[in-house]
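In: I need the structure of the sequence given here:
(one chain, ligands or ions: 1)
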Amino acid sequence: MPKVDSKTTGFETRPGKGGETHQQVPKSGPHDAEGHLTTNQGIRVSDNQNQLKAGARGPVLLEDFVLREKIFHFDHERIPERIVHARGSAAHGFFEVYESLAELTSADIFQRPGERTPLFTRFSTVAGGAGSVDTPRDVRGFAVKFYTKDGNWDLVGNNIPVFFIQDAIKFPDLIHSVKMEADRGYPQAASAHDTFWDFISLMPESTHMIMWAMSDRTIPRTLRNIEGFGIHTFQMVNAKGKSTFVKFHWKPKLGLASTLWDEAVKIAGADPDFQRRDLFEAIERGDFPEWELGIQAFDEKFADSLPYDVLDPTKIIPEEVLPIRPIGRMVLDRNPDNFFAETEQVAYCPANIVPGIDFTNDPLLQGRLFSYLDTQLKRLGSTNFHQIPINAPKCPVMNFQRDGHMQMLTPKGRANYEPNSLGEAGEETGPRECPVTGFETAIGRDVAEEQGGKLRIRAESFADHYSQARMFFRSLHPAEQAHLASALVFELSKVGLEHVRIRVLANLLNVDPDLAKRVAEGLAMPLPKASPSAVPVQDFDPSPAVRIINGPLDLDTLAGRSVGVLIADGSDAKALDKLLKAIDSAGARAVLIAPKVGGATLADGSIRKADAQLAGCPSVMVDAVALVLSKEGCKTLLGEAAAIQFVMDAFGHLKAIGHTPESAPLLEKAGVEPDEGVVDLAGFVEAAKTRYWDREPKVRMLA
Ligand code: HEM
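Out: Prediction:
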């Protein structure tokens, strides 16, 4: 008998002759409504379970256009993934400007206080393929497409304010070296291998970036906890044509937070989509991630006063030297409707700028201006990819460009060129240029330099490769310094070529002799002589703003974080509810974890459903843990390796552990040596707002 399953589908479910399931529009209709499955030509399909055959067991007929179209489309579902930044997660949102920036820029987006501009932001890792994991040690891409009234502006940055190379001509070499090695096809999404470090060891200009890349910045806890940087110096140009140099900074409202390396490795196994899931779920539950956009604005005189070149993308201007002016905020408040249509097909391009913003002569930026459009033609298959909804500007687009693969528009009339005089015959003449509102390239500095000869050289002002690397290392919290040194030991331990390790050590000596010594000891290698530096290394003042721990964005908070609450049969319902309420009030998300996903029978006889099964939710998935166990429940878990590991890892990853007195045997079995981060349930929510860095030397041998 057909079954009407109206609650879930509104369709009738009936078995076919071979026992297969057919979900069908009810025979009684309505047949004029939506809900009918069709081919791409709009032909309604009567059977989506069986091919057209000659006889029930006979050969398939070539005329089965329903089958052929379906399989044809499926066969072509994959498109080339991005050559870099292939794995990404994205969301829609808006930018809201705080005040008019008319004195700096004529960009429409920055004129009217409080005005919102829609945007689409994609975060990514760099080296791994589209199907790789979320938590390798890697730079995170931070690309924002602003759909302004004057056209699309793309700010295509990273979560690190500097880059590996100074000249775009080295980009293919850099990426070849970090990707899977050419002959063996591994490692995936990892820089810890010979070819990457071989290249780096020969590129002293990468030293500053290597300091950032080996720091905790490249193992962020979530995508909601990263900063973003435009990296290059750009220009803002006001209505009078006056230009000002700017650097763009995104500051996360939830602060900066990282994982420990051991934690990142374990997350990769427990949930390869950890950061993608986190972003998606936060937005789904209305916990919208937010960043503040700020600028460092400066003139040529200031630029000339700096001991480094502002056109060099391996340098920062420390916030202590030039404070950041907040200019607006970005809120991500809507997930994509379709991953492929939006996250995959979005095409960011640093060349997409709007009147009021302009490039500089940064040689890395200049090369990027060519690369993106070129690669996107290959990736998206047509010059018309700007018409894909996620890429299409939300302002009028009118020109005489025509035709091409996958042209979606149907321009009318004869005017596909200009100048034309078709208007005189009463016909449509099409759009025309506008010297008043059209994009004008800023007449910036370096005009004199541009009049020089054609030179394939690197500017001498780019020659200091070590002073800022030293400044960065010396600005870090001691725990971060130890992580950085250990990361170098880890990566170089995976490098089989000894001469490469020696060359890296020789470069590190220029950064900081103590760092080089720690890494050499960690590798059990003697220290070589320092490599030559093109210019003397300088001791700049430290920049505490680059720190995570105890830095300006190290917020003691539970907001936006997650807490794993372990329960088992016999747990106390009242204590549990009180804790859950406190976690919720602190702005965090409680994840109820039990040995079985169906839940646990609490002491009062009630059944509490779990959010996750213990074996499938190790403590690396959460920011702090609470053990709400009864004596009996705890006793049972003493025989469960997942429970012991849960506690052991939480302790080893320096997380707060709240617990009932009855949970003590589990702490003991997990080797927990109580400290100020191991507390009773009453003190837990406060304790859970931070990690316990002082614990680290007791649980880990760091370099
Ligand atoms: C400051 C230096 C750089 C930054 C911050 C940067 C950032 C990014 C980001 C965030 C993406 C991913 C965009 C997305 O989510 O779709 C990306 C993609 C890409 N980048 Fe870069 N990049 C840099 C340097 C370069 C250079 C020097 C080149 C080449 C000369 C380059 C070529 C590419 C290419 C080809 C893609 C793939 C684009 C696509 O398929 O849509 N990048 N970059």
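
In: From here on, just use CA atoms for contacts and neighbour counts.
Out: Noted.

In: and the closest residue to T557 other than its chain neighbours, how many neighbours?
Out: In this structure, T557 finds its nearest non-sequential neighbour in K689, 4.6 Å apart by C-alpha to C-alpha, 6 or more residues apart in numbering. When counting by other C-alpha atoms under 10 Å, one arrives at 21 neighbours for K689.

In: Quick one: residues contacting K689.
Out: K689 makes contact with D556, T557, L558, according to C-alpha atoms under 8 Å, 6 or more residues apart in numbering.

In: ok, of the residues you listed, which come out buried?
Out: T557, L558 (16 or more other C-alpha atoms under 10 Å).

In: Of the contacts of K689, just say which sits nearest to V546.
Out: Distance to V546 across those (C-alpha to C-alpha) is lowest for D556, with 17.3 Å.

In: from memory that closest one sits against R691, does it?
Out: No. With contact defined as C-alpha atoms under 8 Å, D556 does not count as touching R691 (9.1 Å).

In: sorry, back to before: ok, the residue nearest to T557 to R608 distance?
Out: Taking C-alpha to C-alpha, to the nearest Å as the measure, K689 falls 26 Å from R608.

In: and if you look at F120?
Out: 39 Å.

In: which of these two has more neighbours?
Out: F120 (26 against 19).

In: how about the nearest residue to that one once chain neighbours are set aside, secondary structure?
Out: Nearest residue to F120, sequence neighbours excluded (C-alpha to C-alpha, 6+ apart): H92, at 4.5 Å. Per DSSP: H, G, I helix; E, B strand; the rest coil, the secondary structure class of H92 is strand.

In: Please name the bridge partners of H92.
Out: Beta-bridge partners recorded for H92 (DSSP bridges): F120, R334.

In: ok now do it, which residues does it touch?
Out: Taking C-alpha under 8 Å, 6+ apart, we find H92 in contact with P118, L119, F120, T121, L332, D333, R334, N335, P336.

In: Just confirm the second one contacts K149, I think it does.
Out: Put plainly, it is L119. No. Applying C-alpha under 8 Å, one finds L119 not in contact with K149, separated by 11.7 Å.

In: coming back round to it: next up, identify which helix or strand the residue nearest to T557 is on.
Out: For K689, there is no enclosing helix or strand under DSSP states H and E.

In: do you know how far it is from the ligand?
Out: According to C-alpha to the nearest ligand atom, to the nearest Å, K689 stands 31 Å off from the ligand.

In: before we move on, what about V397?
Out: For V397 relative to the ligand (C-alpha to the nearest ligand atom), the value is 21 Å.

In: again with L702
Out: As judged by C-alpha to the nearest ligand atom, L702 and the ligand stand 31 Å apart.

In: contacting residues for that residue?
Out: By C-alpha under 8 Å, 6+ apart, the contact set of L702 is A482, H483, A485, S486.

In: Double-check that it belongs to a helix.
Out: No. Per three-state DSSP, L702 lies outside any helix segment and is coil.

In: Got the confidence number for it?
Out: Note on L702: pLDDT of 94.

In: Three-state assignment for the most centrally placed residue in the chain, please.
Out: Geometric centre of the chain, nearest residue: F123, 2.8 Å, by C-alpha atoms, centre = their mean. Here F123 is strand, with the state taken from three-state DSSP.

In: Looking only at neighbour counts, state which of L119 and K149 leads.
Out: L119 (22 against 17).

In: so what's that one closest to, chain neighbours aside?
Out: F146 (4.4 Å).

In: Show me what the strand or helix carrying the one you found is in contact with.
Out: Assigned by DSSP H and E, F146 belongs to strand 140-148. For strand 140-148, contacts defined as C-alpha under 8 Å, 6+ apart pick out 85, 95, 108-109, 117-126, 152-160, 218, 228-229, 348, 393-395.

In: Which among these count as buried?
Out: Those of those that meet the buried threshold are 85, 95, 108-109, 117-126, 152-160, 218, 228-229, 348, 393-394, by 16+ other C-alpha under 10 Å.

In: Considering only the residues you listed, which also neighbour the ligand?
Out: H85, R122, F123, S124, V156, G157, N158, Y348 (C-alpha under 6 Å from any ligand atom).

In: Out of those residues, which is nearest to K494?
Out: Nearest to K494 out of these is H85 (C-alpha to C-alpha; 23.3 Å).

In: What does that closest one show for phi and psi?
Out: Note on H85: its backbone torsions stand at phi 60, psi 40 [degrees, to the nearest 10].

In: right, and it touches S124 too?
Out: Yes. Judged on C-alpha under 8 Å, H85 makes contact with S124 at a distance of 5.4 Å.

In: show me where pLDDT drops low in the stretch 401-550 of the chain?
Out: For the stretch 401-550 of the chain, applying pLDDT under 70 flags the ranges 444-450.

In: Oh, that last question was meant for the chain, not what I typed.
Out: Within the chain, the ranges that satisfy pLDDT under 70 run 1-9, 444-450.

In: Next to the ligand in this structure, residues from it, please.
Out: Counting by C-alpha under 6 Å from any ligand atom, the chain sits next to the ligand at 82-85, 122-124, 141-143, 156-158, 163, 168, 171, 231, 347-348, 364, 367-368, 371-372, 375-376.

In: Just want the residue of the stretch 201-350 of the chain that's nearest the ligand.
Out: When scored by C-alpha to the nearest ligand atom, the stretch 201-350 of the chain has A347 as its residue closest to the ligand, at 4.7 Å.

In: which stretches of the stretch 101-250 of the chain form helices?
Out: Assigned by DSSP state H, counting those that start in this stretch, the helices in the stretch 101-250 of the chain fall at 171-178, 194-201, 207-213.

In: just to revisit the earlier point, mind listing what the residue nearest to the centre of the chain touches?
Out: G88, S89, A90, R140, G141, F142, A143, L223.

In: Who wins on neighbours among these?
Out: The most crowded member of these, judged by other C-alpha under 10 Å, is R140 (29 neighbours).

In: is that one in a bridge, and if so with what?
Out: T125.

In: show me where the stretch 401-550 of the chain has helices.
Out: Assigned helices in the stretch 401-550 of the chain, in chain order: 447-450, 467-475, 478-493, 498-511, 513-523 (criterion: DSSP H, counting those that start in this stretch).
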